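*Asks:* Would you be able to build a 3D model of this:
(one chain, ligands or ions: 2)
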Amino acid sequence: MALQSPVAPRCSGAQQPHIGRMTAQFDLFAAPPPLPAGLTYADAILDPAEERALLVRLADVPVTPFKFQGWLGKRETASYGWRYDFADASFGPTEPIPDFLLPLRARAAAFAGLAEEDLVQAMVTRYDPGAGIGWHRDRPVFEHVIGISLANPATLRLRRRTADGFERAHLPLPPRSIYRLSGAVRHAWEHSIAAMDVPRWSITFRTLSDKGLKELARRSGGPDRPAG
Ligand SMILES: O=C(O)CCC(=O)C(=O)O
Ligand SMILES: [Fe+2]
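*Replies:* Ligands and ions are numbered 1, 2, ... in the order given. Have a look, this model is predicted:
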């Protein structure tokens, strides 16, 4: 595919893209509230032709329905590099990240200021109409989470528990945009994506956390053990 070299993202968390936060009082002229700490965003990490080429490749990825405690989710996923299996909480190496995703991983790393090779996990997720992802934090074996959206817009919803309920935020995710979750937004906030009536794909890249690295050292080639 045409995707070759890293590009500079058009904006970062410091520049405050469209972000909404529920407030008791709605003020049209108020400056947008800050992004939750640790959330950065850029649009146009890919151009439309690159997106189209990537979607052609993704159509051949053998995604399978997400499984959780015997329940089959509507979204379908494929994991590369490392996989975390929610069905039995096992965590371990899996087939390498395919070559066609490596240029995108390079861009994701450049966007996040991380080393490309530290993005050891890639997950391809297909959301068919009616599929979303419920409130969660990503598994603690992973640290940084970088997500690229393809095909149709979605909204990343964010919430954090407070003394009297939840503080909420949301980030629109247009196709070809990229976001990163680290620090507070990754550890103290939960995120979710509401089901939509149009399909969407995402590609997420993750680094291992200290916990993940320890698990990796402990395993030292042995059989998978529960982690998470
Ligand atoms: O599709 C996305 O952008 C988010 C996916 C997600 O939150 C996850 O796989 O943990
Ligand atoms: Fe997540």
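*Asks:* residues of stretch 110-128 that come out buried?
*Replies:* Of all the residues in stretch 110-128, those buried under the rule 16 or more other CB atoms under 10 Å are 110-112, 114, 119-127. Quick note: C-beta positions are derived from backbone N, CA and C, even for glycine.
*Asks:* This structure: strands as residue ranges?
*Replies:* 20-21, 39-42, 64-68, 71-80, 82-85, 90-93, 121-127, 133-136, 142-150, 154-162, 165-173, 178-181, 190-193, 200-208 (DSSP state E).
*Asks:* just flag whichever of those strands has the lowest average confidence.
*Replies:* Lowest mean pLDDT within the strands of the chain: strand 20-21, a mean of 46.
*Asks:* tell me which parts of this protein are close to ligand 1?
*Replies:* Within the chain, the residues that sit near ligand 1 (CB under 6 Å from any ligand atom) are 123, 125, 133, 138, 147, 191, 193, 202, 204.
*Asks:* Among those residues, which one is most surrounded by other residues?
*Replies:* residue 191 (25 neighbours; other CB atoms under 10 Å).
*Asks:* The closest residue to that residue other than its chain neighbours pairs with what?
*Replies:* Leaving aside its sequence neighbours, residue 191 sits nearest to residue 158 (CB to CB, 6 or more residues apart in numbering; 5.4 Å). For residue 158, the beta-bridge partners under DSSP bridges are residue 169, residue 191.
*Asks:* Surely residue 158 touches residue 185?
*Replies:* Yes: the pair residue 158 / residue 185 is scored as a contact, 6.6 Å apart, by CB atoms under 8 Å.
*Asks:* Residues in contact with both of the two, list them for me.
*Replies:* Shared contacts of residue 158 and residue 185 (CB atoms under 8 Å, 6 or more residues apart in numbering): 36, 39, 191.
*Asks:* burial of residue 210, as a residue count?
*Replies:* 10.
*Asks:* give the contact list for it.
*Replies:* Residues in contact with residue 210 (CB under 8 Å, 6+ apart) are residue 143.
*Asks:* and it, what pLDDT?
*Replies:* For residue 210, pLDDT reads 95.
*Asks:* Also residue 225?
*Replies:* Residue 225 carries a pLDDT value of 51.
*Asks:* For beta bridges, what are the partners of the residue of the chain found nearest ligand 1?
*Replies:* Relative to ligand 1, the nearest point of the chain is residue 202 (3.2 Å; CB to the nearest ligand atom). When bridges are called by DSSP bridges, residue 202 pairs up with residue 125, residue 149.
*Asks:* Leaving out sequence neighbours, find the closest residue to the residue sitting nearest the centre point of the chain.
*Replies:* With distances taken as CA atoms, centre = their mean, the residue of the chain nearest its centroid is residue 147 (3.3 Å). Leaving aside its sequence neighbours, residue 147 sits nearest to residue 204 (CB to CB, 6+ apart; 4.7 Å).
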